[in-house]
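Colleague: got a structure for you, letters missing:
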């Protein structure tokens, strides 16, 4: 169940972040920002309550948020996503994987 909660937390955080970017051009999007982040934190709390260690949950949550925000910003807003940025995303993912593996050791 912890993984399901974490997926919802990631999706809500991503939606809130993309809404924040959209609000730069249209202030009505601010209405989605606070609820999105609030729901994300609620589901992150549920993830922790379901037994996932904080270091693992927070690492995955933030890494997924960074990676998905970069990809969706490229797709939706035509923001840059350079090879160097892609390499950084891969390194973040590798670091989170190491934290996950270390938690199981």
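Modeller: Right, received. Where do you want to start? Note that the structure is a prediction, hence the values are computed from the model and not measured. Numbering: from 1, shown residues only.
Colleague: quick one: low-confidence ranges for this structure?
Modeller: 105 (pLDDT under 70).
Colleague: any idea which helix is longest in it?
Modeller: In the chain, assigned by DSSP state H, the helix with the most residues is helix 54-77.
Colleague: Which elements pack onto whichever strand or helix holds residue 8?
Modeller: Assigned by DSSP states H and E, residue 8 belongs to helix 2-23. If you count contacts as 3 or more C-beta pairs under 8 Å, 6 or more residues apart in numbering; DSSP states H and E, helix 2-23 packs onto helix 30-49, helix 54-77. For glycine as for every other residue, the C-beta is placed from the backbone atoms N, C-alpha and C.
Colleague: Can you give me the buried ones in that helix?
Modeller: With burial defined by 16 or more other C-beta atoms under 10 Å, the residues of helix 2-23 counted as buried are 2, 5-6, 8-22.
Colleague: tell me, what residue is most central in this structure?
Modeller: What sits nearest the mean C-alpha location of the chain, by C-alpha atoms, centre = their mean, is residue 65, with 2.1 Å.
Colleague: got a list of what that one touches?
Modeller: 10, 13, 14, 17 (C-beta atoms under 8 Å, 6 or more residues apart in numbering).
Colleague: do you know how far the second one is from residue 44?
Modeller: When distances are taken as C-beta to C-beta, to the nearest Å, residue 13 and residue 44 turn out to be 8 Å apart.
Colleague: do the same with the last one
Modeller: With distances taken as C-beta to C-beta, residue 17 is found 14 Å from residue 44.
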